[in-house]
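**Q** task: produce atomic coordinates for the following.
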Amino acid sequence: LLDVPQEVLVERVTGRRTDPVTGKIYHTKFAPPEDKEIESRLVQRSDDTAEKVVIRYKEYQAHIKAVRSFYEEKIITIDGSKDKNDISNKVVTTLYKALSKIKKSPKIVIAGAPAAGKGTQCEIITQTFGVVHLSTGDILREAVKQGTDLGLKAKAYMDGGQLVPDDLMINVISERLKQKDCIERGWL
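**A** Numbering: from 1, shown residues only. Below is the predicted model of the structure:
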């Protein structure tokens, strides 16, 4: 669980920009683009505003309490407001220790509020441990982009700064977990 204070999340979200050509995500302060051409085409997602991240953070806080209590014995909390390399080292070290105790394909869950650094850490975990990365955010954004039934339903929630209801997400993830790569390599 990446734990990050609300004020840090607001700064991260409001500076986040996407290059529509490459799909790469930049940050105006922490990871600016390499050149002016890229900078000129960057766009901000409609839900990347201070107001919406505060709403999403409050919803996250209301829901994470149940997760914490259910996984009390297994959950590991990491300060996600530190330097991303320090966070990555802590995540990888912690996972090596935990995964050395299991014999099956790993099943890893990383949680955190919007902009807590989940995507950054998931890239590192995927590269280090070879697991399949299942990103609900990526799945939702692709569904919105494609105009699917899920995308249309999810867009209304996302544009309002709300979390997409569990029943929509559970169906999508359940189907994906049944696929061969997830069974054989494990998943994140």
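**Q** for residue 133, grab phi and psi.
**A** Note on residue 133: its backbone torsions stand at phi -90, psi 120 [degrees, to the nearest 10].
**Q** how many neighbours does it have?
**A** Residue 133 is flanked by 15 other residues according to other CB atoms under 10 Å. Every residue, glycine included, has its C-beta placed from N, CA and C.
**Q** residue 145 too?
**A** 10.
**Q** kindly report the same for residue 40.
**A** Around residue 40 there are 8 other residues, counting by other CB under 10 Å.
**Q** could you do residue 81 as well?
**A** Applying other CB under 10 Å, we find 16 residues neighbouring residue 81.
**Q** please renumber so the chain begins at 280
**A** All set: I'll call the first residue 280, so the last point we hit is now residue 360.
**Q** residue 325: what's it in contact with?
**A** For residue 325, the contact set (CB atoms under 8 Å, 6 or more residues apart in numbering) comprises residue 438.
**Q** ok, now with 10 Å
**A** With contact set as CB atoms under 10 Å, 6 or more residues apart in numbering, residue 325 has these partners: 331, 434, 437, 438, 440.
**Q** repeat for residue 455
**A** Per CB under 10 Å, 6+ apart, neighbours of residue 455: 411, 413, 415, 418, 461, 466.
**Q** can you pick the most crowded of the residues you listed?
**A** residue 466 (20 neighbours).
**Q** if we can go back for a sec, got a quick ChimeraX command for the buried subset of the contacts of residue 325?
**A** Those of those that count as buried under 16 or more other CB atoms under 10 Å are selected in ChimeraX with:
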select :331,434,437,440
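**Q** per-residue confidence averaged over the strand or helix carrying residue 375?
**A** Taking DSSP states H and E as the criterion, the element that holds residue 375 is helix 363-378. The average of the pLDDT scores along helix 363-378 is 93.
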